[in-house]
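> okay, sequence plus prediction incoming.
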Amino acid sequence: MEKVKKHLLWIVPIMGFLIATAHFLATKYFWYWTFDSTDLIMHGFTGYWAFLTLILFSIIWFKKIKLETVLLSAIALTVLIGIFWEIFEYTFHLVEFSSKYPMDTLTDLIMDTIGGSLAWYTFEMFVNKDKKACLQK
């Protein structure tokens with residue numbers, strides 16, 4: 001897992017920076033309001049990034065833990081982060097409540113989940129070839 005940790009230690013911050021930059025530009029140039037798909041794309045990438053970030057923290061903090069536990073926890077926390085983001089948007093009036101709001105929230109959470117699931121798939125495909133392995137230092 002040391003090799004995985006080394007890769008994630010540079011992938012996670014770079015992805016985070018790129019997502020933050022894209023969010024800044026999308027807000028500054030009104031892409032969220034001009035192009036409907038911008039919000040969905042951002043949620044997908046953010047779900048992917050959140051999942052990888054949670055995997056990285058699991059590798060760093062826990063010496064031995066079942067891989068299935070880590071993966072299920074990471075996908076659940078990815079969805080939870082998406083829920084908190086939606087609450088944040090609504091609380092600070094970053095979105096206007098309308099008849100479209102519940103559907104927008106649902107599609108955002110679905111995209112968070114799809115992003116996290118794709119990260120899970122990527123992790124499984126390229127990193128975890130042995131299904132019985134445990135995350136270790």
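Done, it's in. Numbering: from 1, shown residues only.

> just the CA trace of stretch 24-32, in CSV.
Output of stretch 24-32 as CSV, limited to C-alpha atoms (Å, rounded to 0.1, in the frame of the first residue of the first chain):
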residue,chain,number,x,y,z
PHE,A,24,-13.7,29.5,-8.8
LEU,A,25,-13.8,30.1,-12.6
ALA,A,26,-17.3,28.6,-12.9
THR,A,27,-18.5,31.0,-10.2
LYS,A,28,-16.7,34.0,-11.6
TYR,A,29,-17.8,33.5,-15.1
PHE,A,30,-21.3,32.3,-14.2
TRP,A,31,-20.8,28.9,-15.9
TYR,A,32,-23.1,27.2,-13.3
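
> buried residues in it, which are they?
Across stretch 24-32, burial judged by 16 or more other Cβ atoms under 10 Å covers 26, 31. Heads up, the C-betas are built off the backbone N, CA and C, glycines and all.

> now it: how far from the chain's centre is it?
20 Å (Cα atoms, centre = their mean, to the nearest Å).

> same question for stretch 16-24.
Distance of stretch 16-24 from its chain centroid, counting by Cα atoms, centre = their mean, is 13 Å.
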